[in-house]
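Chemist: Have a look; sequence and predicted model below, questions after that.
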Amino acid sequence: MRRVVFGIWFLSMFYFIIYAFMPGYKALVNQSGVLSILHAIMGIILMGGLFIYVVTGLHHFFTR
């Protein structure tokens, strides 16, 4: 299960790297409703993963 969750989070990171460095893809996302929804979902996954990573790190730091 961890590999699946990490894989999805890594996929969202890869998505935003592509989005950041491809101006044509940015324009495509701005024009398409479906890609805008995909963009929002990937953003939620990325931010949620970062939040869980920070909270888990703080938990391990303060409980050891």
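Modeler: Yes, it's here. Numbering: from 1, shown residues only.
Chemist: residues contacting the most centrally placed residue in the chain?
Modeler: Nearest to the geometric centre of the chain sits residue 46, at 2.3 Å (C-alpha atoms, centre = their mean). Residue 46 makes contact with 9, 12-13, 16, according to C-beta atoms under 8 Å, 6 or more residues apart in numbering. No exception for glycine: its C-beta is placed from N, CA and C like everyone else's.
Chemist: taking those one by one, which sit in helices?
Modeler: 9, 12-13, 16 (DSSP state H).
Chemist: which among those residues end up buried?
Modeler: The neighbour count (16 or more other C-beta atoms under 10 Å) marks 9, 12 as buried among the ones in helices among the contacts of residue 46.
Chemist: returning to that earlier point: so how far is residue 64 from the residue nearest to the centre of the chain?
Modeler: As defined by C-beta to C-beta, to the nearest Å, residue 46 lies at a distance of 27 Å from residue 64.
Chemist: for the chain, which spans come out with low pLDDT?
Modeler: Of all residues in the chain, none has pLDDT under 70.
Chemist: The helix of greatest length in it: which residues count as buried?
Modeler: The longest helix of the chain (DSSP H) is helix 33-63. By 16+ other C-beta under 10 Å, the buried positions in helix 33-63 come out as 39, 42, 45-46, 49.
Chemist: just to revisit the earlier point, pipe the ones in helices among the contacts of residue 46 into a markdown table and attach distance to residue 26 per row.
Modeler: Putting the ones in helices among the contacts of residue 46 into a markdown table (distance: C-beta to C-beta, whole Å) gives the following:
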| residue | distance to residue 26 |
| --- | --- |
| 9 | 22 |
| 12 | 16 |
| 13 | 17 |
| 16 | 11 |
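Chemist: right, and out of the ones in helices among the contacts of residue 46, which lies closest to residue 56?
Modeler: Distances from residue 56 to the ones in helices among the contacts of residue 46, taken as C-beta to C-beta, are shortest for residue 9 (12.6 Å).
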